[in-house]
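Colleague: Next input, structure requested:
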Amino acid sequence: MSNARIAAHFDLAQGRTPENIALAPDGSAYVTFAKARQIAGVSPKGGVRILATLPEPADGGVSTPALGFPLTVGIVRADDGTLYFLYATGTSDLTGVWRLRPGGEPQRIAELPADGLPNGLALDARTGTLYVADSVRGTVWSVPVRGGSPTAWSTAPELAPTGFLGANGLKVHEGAVWVTNFDKGTVLRIPVLRNGSAGHIQTRAVGMPGIDDIAFTGHGSRLLAALDGSNEVALVRPDGSHSTVLTSADGLQNPTSLAVRDRTVYVLSAGWLTGEDPNLILAHRNERADGQR
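Modeller: Numbers count the residues shown, from 1 in each chain. Prediction:
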């Protein structure tokens with residue numbers, strides 16, 4: 001990767017720790033500010049507009065599993081501009097999948113278990129299904145895009161945490177749900193069978209503890225991974241081998257999420273551990289350097 005630059009800085013004092021990203025056709029991005037409990041739009045020039053702030057739970061969020069504070073987490077954008085996102089509070093009245101239509105107000109459309117931590121979110125527009133990675137319960141939930149009761153789509157042991165967080169980042173790609181495991185440092189692939197159920201889980205890459213979100217670079221299984229703890233973005237090849245393509249020298253501050261559009265890579269950093277400069281980095285993806293044709 002080349003020409004990495006910080007496109008936007010976020011205010012840590014205001015809790016603007018960016019956790020997840022979804023892109024819009026005009027080049028803008030939608031992000032969740034985890035600690036601020038906010039959904040925001042970020043313009044191509046780096047301007048920030050707060051679209052919604054989620055209600056604070058009655059106990060202040062101290063019962064939120066693993067973390068002890070409420071947070072907005074995964075986000076996706078549908079073709080009609082509707083945003084779907086996750087909110088984890090440790091309380092049954094707020095934890096779940098939320099929807100924000102253009103010009104509307106946030107609305108919860110599916111309740112998820114309060115003793116879990118919904119984290120990664122992906123949308124399969126073809127089937128109208130939302131998939132949710134629960135980092136504490138080690139579960140991938142499926143939820144109809146219209147809302148309703150969640151289904152425990154996969155509870156494979158490979159999704160479980162070993163001390164902190166398990167299933168984390170999540171994407172739907174070429175007939176499968178891809179999930180990372182933060183504690184185990186793995187990238188997992190779960191085929192979606194013809195009847196919509198989960199197939200046999202496959203471990204596709206190992207050796208990346210602290211892995212958060214992933215983004216595919218195009219067709220096939222080549223992907224980029226945000227490694228929160230080591231302050232790196234890694235390129236993961238189809239054979240599972242991986243190499244570092246961005247580091248703290250490029251401005252990373254505990255990267256949490258990334259997205260790819262054409263040859264531009266968007267990387268969010270939350271500064272969870274560094275305590276410095278949450279930001280959005282843009283970088284150019286060099287196909288030749290990545291070994292792509």
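Colleague: Let me see the mean pLDDT of stretch 169-176.
Modeller: Across stretch 169-176, pLDDT averages out at 97.
Colleague: now do stretch 129-145
Modeller: 98.
Colleague: what about that stretch, start to end distance?
Modeller: End-to-end distance of stretch 129-145 (CA to CA, to the nearest Å): 5 Å.
Colleague: go on, stretch 273-282?
Modeller: First residue to last in stretch 273-282 (CA to CA) measures 21 Å.
Colleague: Leu280 in helix, strand or coil?
Modeller: Three-state call for Leu280 (DSSP: H, G, I helix; E, B strand; the rest coil): strand.
Colleague: Provide a list of residues in contact with it.
Modeller: By CB atoms under 8 Å, 6 or more residues apart in numbering, the contact set of Leu280 is 6-8, 10, 18, 21, 29, 31, 42, 46, 266-269. (C-beta placed from N, C-alpha, C; glycine too.)
Colleague: Write the PyMOL selection for whichever of the residues you listed are buried.
Modeller: Of the contacts of Leu280, the buried ones go into a single PyMOL selection, burial set by 16 or more other CB atoms under 10 Å:
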select buried, resi 6+7+8+10+18+21+29+31+42+266+267+268+269
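Colleague: Show me the strands in the stretch 1-150 of the chain, by range?
Modeller: Ranges of strands within the stretch 1-150 of the chain are 2-9, 18-23, 29-33, 38-42, 48-53, 71-77, 83-88, 96-100, 107-111, 118-124, 129-134, 139-144, based on DSSP state E, counting those that start in this stretch.
Colleague: now those as a markdown table including distance to Gly185?
Modeller: Shown next, in a markdown table, are these (distance: least, CB to CB, whole Å):
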| stretch | distance to Gly185 |
| --- | --- |
| strand 2-9 | 24 |
| strand 18-23 | 19 |
| strand 29-33 | 23 |
| strand 38-42 | 29 |
| strand 48-53 | 32 |
| strand 71-77 | 20 |
| strand 83-88 | 22 |
| strand 96-100 | 27 |
| strand 107-111 | 30 |
| strand 118-124 | 15 |
| strand 129-134 | 15 |
| strand 139-144 | 18 |
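Colleague: a markdown table for the contacts of Leu280, including pLDDT and distance to Val62?
Modeller: Below are the contacts of Leu280 laid out as a markdown table (pLDDT from 0 to 100; distance: CB to CB, whole Å):
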| residue | pLDDT | distance to Val62 |
| --- | --- | --- |
| Ile6 | 97 | 33 |
| Ala7 | 96 | 34 |
| Ala8 | 97 | 31 |
| Phe10 | 97 | 24 |
| Pro18 | 98 | 23 |
| Ile21 | 98 | 27 |
| Ala29 | 97 | 31 |
| Val31 | 98 | 25 |
| Val42 | 97 | 30 |
| Gly46 | 93 | 34 |
| Tyr266 | 98 | 32 |
| Val267 | 98 | 31 |
| Leu268 | 98 | 26 |
| Ser269 | 98 | 26 |
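Colleague: Looking at the contacts of Leu280, which is nearest Val179?
Modeller: Ile21 (17.4 Å; CB to CB).
Colleague: Would you quantify the distance from that closest one to Ser92?
Modeller: For Ile21, the distance to Ser92 (CB to CB, to the nearest Å) stands at 28 Å.
Colleague: Equivalent analysis for Leu112, please.
Modeller: 9 Å.
Colleague: ditto for Trp98
Modeller: From Trp98 to Ser92 the distance is 14 Å (CB to CB).
Colleague: Compare those two (neighbour count), which wins?
Modeller: Neighbours were counted for Trp98 and for Ser92 using other CB atoms under 10 Å; Trp98 has more, 22 against 13.
Colleague: Surely that one is in contact with Tyr87?
Modeller: Yes - the pair Trp98 / Tyr87 is scored as a contact, 5.5 Å apart, by CB atoms under 8 Å.
Colleague: Surely Ile190 is in contact with Ser154?
Modeller: Yes - contact criterion CB under 8 Å: Ile190 and Ser154 qualify, at 5.6 Å.
Colleague: Identify the contacts common to those two.
Modeller: With CB under 8 Å, 6+ apart as the test, Ile190 and Ser154 both reach 140, 177, 198, 201.
Colleague: what pairs with the closest residue to the third one other than its chain neighbours across the strands?
Modeller: Right, Ala198. Leaving aside its sequence neighbours, Ala198 sits nearest to Ser154 (CB to CB, 6 or more residues apart in numbering; 4.1 Å). Applying DSSP bridges to Ser154 yields these beta-bridge partners: Val140.
Colleague: how many neighbours does Ser154 have?
Modeller: The local packing of Ser154 (other CB under 10 Å) involves 23 other residues.
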